[in-house]
Each structure stands twice: as structure tokens, then as C-alpha cells.
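Visitor: quick check, what structure comes out for this input:
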Amino acid sequence: MHTKATLTVSLALWALVTCAQAAASSDAADTWDGDAIARLQADMISGATTSRELVRVFLARIDAIDKHGPALNSVIEVNPDALAIAAGLDAERARSGPRGPLHGIPVLLKDNIDTGDKMLTTAGSLALANSRASQDAFLVKKLRDAGAVILGKTNLSEWANFRSTHSTSGWSGRGGLTRNPYATDRNSCGSSSGSGAAIAAYLAVAAVGTETDGSIVCPSGINGLVGIKPTVGLISRSGVIPISASQDTAGPMALSVADAVALLTAMAGPDPKDSASSVAARPAAVDYSQFLKADGLKGARIGIARSLGGFDARVDKVLDQAIVVLRAQGAEVIDPVELDTGDKLNDDELTVLKYEFKDGLNRYLATRTGAPKNLAELIAFNEKEAARELRHFGQEILIDCETKGSLDSKEYRVAAARAKGAAGRDGIDATLKKHKLDAIVGPTVGLAWLTDLVNGDHYTGGNSSQAAAVAGYPHITVPAGFVEGLPVGVSFIGGAWSEGRLIQLSYAYEQASKARRPPKL
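Guide: Model prediction:
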């Protein structure tokens, strides 16, 4: 019989002692976390712990580490019903067994994903602090159906970092500043800053982030996590506060590829409310765990996009070490390959985002009560609340978006077609075809930079996210090593709907490298 004390020690040893010992160890094989979801699920099946106990301990960690101690400030709100939900799932398990891998597993959501419960959904903005979403986002319903416990919401770069050209990632008017658990004076990247910092610090088992361009893979890379940015449409966007109908997607952020895959499988699926998620080209429902093959790199052709590196010799060295692992696992490495997305991609992408943001946000705000009804009212709210909302940086992007016309505009249509072609057909697709590649690999992003609320972000290099983001293609980042104690990730990029193959490759690399180490906090 397992007493409450035994349950507490069981999880505490996993979440605290093991991680602390791992952080102090220099042996990568002893520090890699493995597959937390499978291990915790096994503990619940055996009776060594319960979902309620998991939730209790993670809530205690959020209080001790996020709100006090190093004060990471990554969780913007906890679910007041989490313990009761977990207890209900424990009772269900006792009656009929688990629903699947996520039954009873605590998961955090980025605070731009609707939940129809007692929690808010604000995108970090005070403008939505007196309004609640009327129902769960489609992806949240699927997570709940899979048995996941929604533990809380994570902080983010306000409006998913689409407010100012001089913003500081990880800051929002409602949530304040999220700090990097590997070095609290450094940035956690964004916009899924809280999701990245929280999972790196073991404040939940996994989290959901969202990406328009870099917002999953950058905070995952900088916080030493696995992040999966799927093909646009694999996961429904209905109920997610939008930036871009052509680029937005949600995706998992986790300690391992297997953990991320468990969330991806649960969230993926067609939704009639999101046309992108019901396109004919999308694959049938699939359990992505079938692609977790330790020999997945054998016979693969991997192209190294050196153009994604070259900004820091130390990061390039980590990439070179990753290439050694790829070759040792049987991959044929073509080094270098070009990834030419054209000189116009930056300007065209921004034009597209401005038009789509105005259109999408106006549609979304029309569904909320007690909040601005459109972008113009949001801008006016920020001006009225400038002391709280605009004290560190402005809203010039929002103001520029408001000047844009409809999606029938010739400027929008030309920019959208040119950007999509440059990133996809003439970029990723052309490179994959020319060299007969399974994936393109490069460093995910530069090192975490010192947070500067006066001058805003100053990225240290790397732009692996743009081509896949604009094309709407999948992108997986996996921990690859460290520079001065700061995590470095390596990216696997493929063509549309190639998640299965990318999971094979990234999982095989992860299993061979086991490069992740937890923060010392």
C-alpha cells in the first residue's frame, strides 16, 4: 500500500533530486531526462503516484520556483480546478483504466489559447483581463479528451510578440517578465517564453506553445527543450488568438521527442472551424509514436544549411558535433546545402502578417465580451493604459496593421504569393529535391541574450524558423549542447506534412546524443 508520504517522495525524487543531481553532473548520459510522460504514466498505473499528487507537487514547484525563489514568472495563472480534475481522472483510472498516454498528465497552455473554464485567455494583454473565452479551443478539447490535466496558463510576449519593433521577448502587460531558468538575467525568447521556461524548470510535464515565426522553436532551443512546429493545419487554430491565418500553428514543447509526440498525437486532427486543418492534403489521423525509432537516421540524407549558422563559432562547433552524431547513426550528410529564400522574404512576410493580423484579430475580438471589439479599440485601450501597457515599448506594429485594407488588397495578394513561393517551392522544396534530402539541418537560434527592457531584444544570431514558418512547413528543434552553460538546439526542417519522417530523424539524434541537461536554478 502506498501512503501519501511515499507518493510525495516518489515524485519529489523525480522532479527535484534527480534533476538537481543531473544539473551538477558532467556526464550527458546521466543527465538526459528521457521520456517523462511514459515514466509518470507507468508510476500512476503501478500505484506509485496519482494524478492528484502530480498536480499537487507541480503547484508547489510553481509557488516555490516561479513565484518565489528564482522567480521565473513563467506561469501567468494556475487552474483553480486542477486538483479536482486530477482526482476525477484518478477515479476514472481506478474504474476503467487510463484513456491513453496523457491520462492524468499535467500540461500548461500558452495564454493565447482559449479555455472555457475559470482561467482567462489574454495574450498577456490587460485589454482582455476582464473577459473570458466562451469555450475551449479545439486543441484544448482534444487534450482534455485524452485525459490531460490543464494545470495553468503560461506568460508570453504580449500579443505573441506582434506589437512593437522594439519589444522585449517574454514581457506582457498582464504577466510581467519571464526569466530564463539557465541564467535569470537572460531572455527566454518568445513568444512562447513562459512555456519554454516553465518546462525547462519542471513546473509541468509539458506545455503547448504557438508559433507564427519562431515562437515555438526559439524558446525551445534557448530553454533546452524539444519543440515541434507542425505543418500549418495539422493542429486546429480555432480558439487560438491569431496573428496569421497562413502561418499560425500550435505545437508541443517538452523535455523529450517522445513527450512532444504524445501531445502532438493528441492535438492533431481536422476541425471544420479551421479550413487549414481540413485540407485534402493532410494525412489521416495517426499515432506519431510509431515514428520513435532509435535507428531512424540510418540511410537518411541530411543537408546542412550553413547559411543558418556562421554567426557564432561556438554555436557552429555544437552543430559540427551534431553532424558527427548524425553520421555515426548512419545518415549521409551533405554539407553544405543552400537554402535560398530570396531577398524579398522579410518584407513580404511582414506585409502578409500585418494584413492577416488585422483581419484575424478583428474576427476573434468579435467573439469576446467585456473587451475591445476590434484592433482600433485595442490601440485606444493601450493608449489609455499607457502607464501599464506601453511603459517599456510601444505599439507601432498594431498602429500600422490598422492602416491595412482587406485580404482582397493587391498588395497583400502579391506579397503572400511571392513569400509562399520563395519559402516553399523555391526554398525548402527546391533544396530537398535538388539534393534528395530527408531533412535540412542547422542551428536553431543563437545564445540567450541579456534581457534589456530599455532597448528591447538583441538577438545573437540565427534564423532557422523563417522559411518553414512562411511556407507553413514542419520544424523540430532538439537540444544539441551548451555554450557557457546556455543551451543550443539543432533544427530538423522538412516539406509539408513530413512530421513523421522528422520525428524519426530527431528522435534518433536525441537518443544518440542525449544532450539535454536541466538548469541548476
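
Visitor: show me what contacts residue 511?
Guide: The contact partners of residue 511, taken as Cβ atoms under 8 Å, 6 or more residues apart in numbering, are residue 294. Bear in mind the C-beta positions are built from the backbone N, C-alpha and C, glycine included.

Visitor: shaky segments in this structure?
Guide: Across the chain, the ranges flagged by pLDDT under 70 are 1-33.

Visitor: again, only using 90
Guide: Scanning the chain for pLDDT under 90 picks out 1-34, 278-285, 340-344, 463, 521.

Visitor: pull the longest helix from it.
Guide: helix 345-365 (DSSP state H).

Visitor: just the CA atoms of that helix, as PDB, please.
Guide: Extracted in PDB, the C-alpha atoms of helix 345-365 (Å, rounded to 0.1, in the frame of the first residue of the first chain):
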ATOM      1  CA  LEU A 345      11.100  37.300 -47.900                       C
ATOM      2  CA  ASN A 346      11.400  39.600 -44.900                       C
ATOM      3  CA  ASP A 347       9.400  42.500 -46.400                       C
ATOM      4  CA  ASP A 348       6.800  40.200 -47.900                       C
ATOM      5  CA  GLU A 349       6.300  38.200 -44.700                       C
ATOM      6  CA  LEU A 350       5.800  41.300 -42.600                       C
ATOM      7  CA  THR A 351       3.300  42.700 -45.200                       C
ATOM      8  CA  VAL A 352       1.300  39.400 -45.100                       C
ATOM      9  CA  LEU A 353       1.300  39.300 -41.300                       C
ATOM     10  CA  LYS A 354       0.000  42.900 -40.900                       C
ATOM     11  CA  TYR A 355      -2.900  42.300 -43.200                       C
ATOM     12  CA  GLU A 356      -3.700  38.900 -41.700                       C
ATOM     13  CA  PHE A 357      -3.400  40.100 -38.100                       C
ATOM     14  CA  LYS A 358      -5.900  42.900 -38.600                       C
ATOM     15  CA  ASP A 359      -8.400  40.500 -40.300                       C
ATOM     16  CA  GLY A 360      -7.900  37.700 -37.800                       C
ATOM     17  CA  LEU A 361      -7.900  39.700 -34.700                       C
ATOM     18  CA  ASN A 362     -11.000  41.700 -35.600                       C
ATOM     19  CA  ARG A 363     -12.800  38.300 -36.200                       C
ATOM     20  CA  TYR A 364     -11.500  37.000 -32.900                       C
ATOM     21  CA  LEU A 365     -12.300  40.000 -30.700                       C
END
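
Visitor: contacts for whatever helix or strand comes next after that helix?
Guide: Later in the chain than helix 345-365, the nearest helix or strand by DSSP states H and E is helix 375-384. With Cβ under 8 Å, 6+ apart as the test, helix 375-384 has contacts from 125-127, 357-358, 361-362, 365, 372, 389-390, 395, 398-399, 401-402.

Visitor: in these, find the pair that's most separated.
Guide: Greatest spatial distance among those (Cβ to Cβ): 362 and 390, at 21.3 Å.

Visitor: the more surrounded of these two?
Guide: residue 362 (19 against 15; other Cβ atoms under 10 Å).

Visitor: which residues touch that one?
Guide: By Cβ under 8 Å, 6+ apart, the residues touching residue 362 are 374-375.

Visitor: now do it against residue 354, distance only.
Guide: Distance, residue 362 to residue 354, using Cβ to Cβ, to the nearest Å: 13 Å.

Visitor: same thing with residue 318?
Guide: From residue 318 to residue 354 the distance is 35 Å (Cβ to Cβ).

Visitor: swap in residue 396?
Guide: Going from residue 396 to residue 354 by Cβ to Cβ gives 11 Å.

Visitor: what about the two, which has more around it?
Guide: For residue 396 and residue 354, the more surrounded residue by other Cβ under 10 Å is residue 354, and the numbers stand at 23 against 12.

Visitor: which residues does that one contact?
Guide: Taking Cβ under 8 Å, 6+ apart, one finds 397, 400-401, 404 in contact with residue 354.

Visitor: mind doing that once more with 10 Å?
Guide: Residues near residue 354 by Cβ atoms under 10 Å, 6 or more residues apart in numbering: 162, 243-244, 397-398, 400-404, 411-412, 415.

Visitor: quick one: buried ones out of those residues?
Guide: By neighbour count, with 16 or more other Cβ atoms under 10 Å, the contacts of residue 354 hold 162, 243-244, 397-398, 401-402, 404, 412, 415 as buried.

Visitor: narrow the contacts of residue 354 to those in helices?
Guide: Per DSSP H, the contacts of residue 354 map to helices at 397-398, 400-402, 411-412, 415.

Visitor: would CSV of those with distance to residue 455 be doable?
Guide: Below are the ones in helices among the contacts of residue 354 laid out as CSV (distance: Cβ to Cβ, whole Å):
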residue, distance to residue 455
397, 17
398, 20
400, 21
401, 23
402, 26
411, 31
412, 32
415, 29
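
Visitor: give me the element residue 466 is part of.
Guide: helix 465-471.

Visitor: which SSE is immediately downstream of that helix?
Guide: strand 475-483.

Visitor: note down every partner strand of that next one and its orientation.
Guide: Sheet pairing of strand 475-483 (DSSP bridges) gives strand 226-229 (antiparallel), strand 486-493 (antiparallel).

Visitor: in TSV, list these along with mean neighbour count and distance to residue 376.
Guide: As requested, the strands paired with strand 475-483 are exported to TSV (neighbours: other Cβ atoms under 10 Å; distance: least, Cβ to Cβ, whole Å):
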stretch	mean neighbour count	distance to residue 376
strand 226-229	32	31
strand 486-493	28	38
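
Visitor: closest one to residue 195 out of the contacts of helix 375-384, please.
Guide: residue 125 (17.3 Å).

Visitor: residues contacting the closest one?
Guide: Taking Cβ under 10 Å, 6+ apart, one finds 111-112, 158-159, 163, 172-175, 241, 371-372, 378, 381-382, 385, 389 in contact with residue 125.

Visitor: buried subset of these, written for PyMOL?
Guide: The buried residues among the contacts of residue 125 can be selected in PyMOL (16+ other Cβ under 10 Å) with this line:
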select buried, resi 111+112+158+159+163+172+173+174+175+241+371+372+378+381+382+389
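
Visitor: so which residues of the stretch 51-200 of the chain form strands?
Guide: Assigned by DSSP state E, counting those that start in this stretch, the stretch 51-200 of the chain shows strands spanning 75-78, 106-110, 149-154, 171-172, 176-177.
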